[in-house]
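Pasted the sequence and its predicted model underneath.
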Amino acid sequence: MSEPSFQDDVLTELGDDRLTEIAGLLGTDTNGARDTVATTVGAMTGDLQQKADADDDDGNEVRQAFAEVTQAPLEGVATLGGGLGGMLSGGMMAGVLAKVSKPVANAVSKKTGIPAPTVARVIELLIPVLLAVFAKRAASGKGGGAGAPTAAGGESPIPSPGAVPGAAGAAPAGPAGAAPAGGGSLGDLLGQILGGGKK
């Protein structure tokens, strides 16, 4: 069962037209753009995983954003384009991605020699694509994903976005659709959405 990597899914969702747009922005060909996108996506997902593992406010925010992605279908977000339009429709995850974009842009800039503002612009173009890929992976891997993070451990600190705390958060999903991925912990969910490997 060879699954495509997260970077492969992002490149597929990005499509040739947007990859060509990124190549123009970077002043390179599509292969150079593909490499930069893969490097940038790898850095972003690594940063997200690291933040999700942290036991602080940033970690809570990232975990809640992933919980939201599994519950809200974001199909077609990639058609909205970068910038504010994509950010507004992406909910909490768009905000989390925007927060990690500056440090990621700086890290990718140091690694590739591409100016950080240019990498930041590439990230702006990638955010709606990342949102779409997160949603598709969550939906395909969790059978729709509704309620999965809350129901997975029963004790999850992640409230269901939009739900009243203590309300029927985990009950409707129950064992039937809650945790099909071995164990069903949030770490399993993040691994499923982000993919197991870095490349």
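Arrived safely, thanks for sending.

Is residue 23 in contact with residue 37, as I believe?
No: the pair residue 23 and residue 37 does not pass the contact test of CB atoms under 8 Å, sitting 9.7 Å apart. (C-beta placed from N, C-alpha, C; glycine too.)

Show me which of these two is the more surrounded one.
residue 37 (25 against 18; other CB atoms under 10 Å).

That one sits in which helix or strand?
Taking DSSP states H and E as the criterion, residue 37 maps to helix 30-53.

buried set for that helix?
For helix 30-53, the neighbour count (16 or more other CB atoms under 10 Å) marks 33-34, 36-45, 47-48, 51-52 as buried.

what's the burial count for the residue lying closest to residue 4 once chain neighbours are set aside?
In space, and not counting its chain neighbours, residue 4 is closest to residue 12: 7.3 Å by CB to CB, 6 or more residues apart in numbering. Residues within reach of residue 12, counting by other CB under 10 Å, total 11.

Determine the three-state secondary structure at residue 4.
Residue 4 falls in the coil class when you classify it by DSSP: H, G, I helix; E, B strand; the rest coil.

so where do the helices sit in the protein?
6-26, 30-53, 57-71, 83-89, 91-112, 116-141, 148-153, 174-177, 186-194 (DSSP state H).

mean confidence score for the shortest one?
Spelled out, that is helix 174-177. The pLDDT scores in helix 174-177 average 34.

for the fourth one, same thing?
Averaging pLDDT along helix 83-89 yields 43.

what does the second one give?
Taken as a whole, helix 30-53 carries a mean pLDDT of 92.

So which elements touch that helix?
helix 6-26, helix 57-71, helix 91-112, helix 116-141, helix 186-194 (3 or more CB pairs under 8 Å, 6 or more residues apart in numbering; DSSP states H and E).

Check those helices for me: which has the lowest mean pLDDT.
Across those, helix 186-194 gives the lowest mean pLDDT, at a mean of 57.

The closest residue to residue 102 other than its chain neighbours and residue 35: what is the separation?
Nearest residue to residue 102 in three dimensions, chain neighbours excluded: residue 120, at 6.8 Å (CB to CB, 6+ apart). The gap separating residue 120 from residue 35 is 18 Å, by CB to CB, to the nearest Å.

do residue 58 as well
To residue 35, residue 58 is 29 Å away according to CB to CB.

what do you get for residue 60?
For residue 60, the distance to residue 35 - CB to CB - is 34 Å.

residues contacting residue 107?
Residue 107 sits next to residue 43 when contact means CB atoms under 8 Å, 6 or more residues apart in numbering.

for residue 122, same thing?
22, 25, 26, 36, 37, 40.

Can you convert those residues into CSV and add a column each for distance to residue 133?
Formatted as CSV, the contacts of residue 122 follow (distance: CB to CB, whole Å):
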residue, distance to residue 133
22, 16
25, 20
26, 21
36, 17
37, 12
40, 13
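
All good on my end, thank you.
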